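Asker: Prediction below, plus the sequence it came from.
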Amino acid sequence: MIQPFAALMPTQEHVAKVAAPPYDVVSEAEARELAEGNPWHFMHVSRSEIDFPAGTDPYRDEIYAQAAENLQRMVREGILKRREKACYYVYSLHSGEHVQVGIAGLASVRAYEEGRIRRHELTRPQKENDRVRHMQALDAQTGPVFLVCHAAEKLTELLTRLQESTLELDLRAHDGVRHSIRVVSDPEMIDAISGYFESIDALYVADGHHRSAAAARVAHLCRKANPNHTGDESYNAFLSVVFPENQVRILDYNRVVRELGGLSRADFLQRVGREFHVRESDAPVRPSVRGEFGLYLPGKWYRLTLPADRIPRDDPVGCLDVSLLTDRLLHPVLGIEDLRRDQRIDFVGGIRGLGELERRVDGGDMAAAFSLHPTQIAELLAVADAGLLMPPKSTWFEPKLADGLLSNSWQELGV
């Protein structure tokens, strides 16, 4: 299920220059700003379009070639170094009072394909294809997948013991989150970790569906291209960090839409009122219970409440707020059904706050915004265990893992 690996890591001396947010949580403009004046910022690897003029197609072949060159240069210059032997890594996140501690390793592609590593979302084809091309160009995975597992006393005891491992990296990122990585090199502890994860029934993809799906596709391509394939190569697994489900934190994942389906503001509110109780609000609406939503139109917030008898109780997907909004409003009123492909809708992580929803609408970029109550971790596990899928962008996990601290390369770099 999980195996150790020889990670490509920055030294403590350079970690502050290297560490970056995940590639898909910032815009191109934000990526450029983060990396400005810093050639070692990992955005040069994960979002290498920032090395080209603004507006350059991010899916051009040259973009991926530049990412590979940037990674190789970081190795040649000693910014990143590969460990000599396979290890596990204890990855701790501290965000204010919130603390979570996980184990980084390589998750089996076979376990993913067999359903022992369970998904809860489909992917957007363009984003998945992008990560396939990125991995192929780099011969490496540079963004860890965020996995969760059921909490257990044995796991708690194991994590407590692992806190005694050597502290390798310690960083307070630009957003104030502290990232700490300890290296587990003791053979007995490595065997204990591998044995524990092999003994459990399932792991769950929390954040990183595109990266895990892309890794599975790349593994197939690598197998076909390798006449000496044995199954032991590191491309048969994907870079991951596993956290107990009782430690993780899910924020709201909100929606913004570009137009009102040809309806006037008054007609739109009237249509919405057929399904929801609609009340004006003098303050931004942060929903606190299932079936409650915030709606923001230019200059004004509204509280939408779906009557309880319209919420299906025996459907683990249909009862989710992200489903209720699509099924009761986005599809019937605005004609938005396929959230994966419809360009009229976009998604805003809860870490950006409700003010970001107001900014997107009042700036004229969007016509309306919807705030949602966060999906609960128990809901995610129930959907995955049932073999079902949530709507896209149902969960926003916070804090995020950093890119650049741990990478999985299946080629010798810097030569």
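Answerer: Done, it's in.

Asker: for the helix or strand hosting Glu62, packing partners?
Answerer: Glu62 is part of helix 61-76, with elements assigned from DSSP states H and E. Other elements packing on helix 61-76 under the criterion 3 or more CB pairs under 8 Å, 6 or more residues apart in numbering; DSSP states H and E are helix 43-46, strand 80-82, helix 125-138. Every residue, glycine included, has its C-beta placed from N, CA and C.

Asker: where along this protein do the helices fall?
Answerer: 15-18, 28-35, 43-46, 61-76, 109-114, 125-138, 153-162, 187-199, 209-225, 265-272, 321-325, 331-334, 354-362, 377-385 (DSSP state H).

Asker: Out of these, which is closest to Arg341?
Answerer: helix 125-138 (7.8 Å; CB to CB).

Asker: returning to what we had before: dump the helices of the chain to JSON lines, plus mean neighbour count and mean pLDDT.
Answerer: Converted to JSON lines, the helices of the chain look like this (neighbours: other CB atoms under 10 Å; pLDDT from 0 to 100):
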{"stretch": "helix 15-18", "mean neighbour count": "20", "mean pLDDT": "97"}
{"stretch": "helix 28-35", "mean neighbour count": "16", "mean pLDDT": "96"}
{"stretch": "helix 43-46", "mean neighbour count": "26", "mean pLDDT": "98"}
{"stretch": "helix 61-76", "mean neighbour count": "18", "mean pLDDT": "97"}
{"stretch": "helix 109-114", "mean neighbour count": "16", "mean pLDDT": "95"}
{"stretch": "helix 125-138", "mean neighbour count": "19", "mean pLDDT": "94"}
{"stretch": "helix 153-162", "mean neighbour count": "14", "mean pLDDT": "95"}
{"stretch": "helix 187-199", "mean neighbour count": "15", "mean pLDDT": "97"}
{"stretch": "helix 209-225", "mean neighbour count": "19", "mean pLDDT": "93"}
{"stretch": "helix 265-272", "mean neighbour count": "15", "mean pLDDT": "97"}
{"stretch": "helix 321-325", "mean neighbour count": "23", "mean pLDDT": "95"}
{"stretch": "helix 331-334", "mean neighbour count": "18", "mean pLDDT": "96"}
{"stretch": "helix 354-362", "mean neighbour count": "18", "mean pLDDT": "97"}
{"stretch": "helix 377-385", "mean neighbour count": "19", "mean pLDDT": "94"}
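
Asker: Adding distance to Ala7, write the ones you listed out as JSON lines.
Answerer: As requested, the helices of the chain are exported to JSON lines (distance: least, CB to CB, whole Å):
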{"stretch": "helix 15-18", "distance to Ala7": "13"}
{"stretch": "helix 28-35", "distance to Ala7": "22"}
{"stretch": "helix 43-46", "distance to Ala7": "15"}
{"stretch": "helix 61-76", "distance to Ala7": "13"}
{"stretch": "helix 109-114", "distance to Ala7": "18"}
{"stretch": "helix 125-138", "distance to Ala7": "15"}
{"stretch": "helix 153-162", "distance to Ala7": "16"}
{"stretch": "helix 187-199", "distance to Ala7": "13"}
{"stretch": "helix 209-225", "distance to Ala7": "16"}
{"stretch": "helix 265-272", "distance to Ala7": "50"}
{"stretch": "helix 321-325", "distance to Ala7": "35"}
{"stretch": "helix 331-334", "distance to Ala7": "44"}
{"stretch": "helix 354-362", "distance to Ala7": "34"}
{"stretch": "helix 377-385", "distance to Ala7": "27"}
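
Asker: The ones you listed: which one's closest to Phe146?
Answerer: helix 209-225 (9.3 Å).

Asker: Just the C-alphas of the closest one, formatted as CSV.
Answerer: C-alpha atoms of helix 209-225 as CSV (Å, rounded to 0.1, in the frame of the first residue of the first chain):
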residue,chain,number,x,y,z
HIS,A,209,-7.3,13.5,-7.5
HIS,A,210,-5.6,14.9,-10.7
ARG,A,211,-2.1,14.1,-9.5
SER,A,212,-3.1,10.5,-8.5
ALA,A,213,-5.0,9.8,-11.7
ALA,A,214,-2.2,11.3,-13.8
ALA,A,215,0.3,9.1,-11.9
ALA,A,216,-1.6,6.0,-12.7
ARG,A,217,-1.6,6.9,-16.4
VAL,A,218,2.1,7.7,-16.3
ALA,A,219,2.8,4.4,-14.7
HIS,A,220,1.2,2.5,-17.6
LEU,A,221,3.2,4.6,-20.1
CYS,A,222,6.4,3.9,-18.3
ARG,A,223,5.8,0.2,-18.1
LYS,A,224,5.2,0.0,-21.8
ALA,A,225,8.4,2.0,-22.5
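
Asker: Gln247: neighbour count?
Answerer: Number of residues near Gln247 (other CB atoms under 10 Å) recorded here: 17.

Asker: hey, what's the residue nearest to it when sequence neighbours are not counted bridged with?
Answerer: In this structure, Gln247 finds its nearest non-sequential neighbour in Gln100, 3.9 Å apart by CB to CB, 6 or more residues apart in numbering. With DSSP bridges as the criterion, Gln100 is bridged to Leu93.
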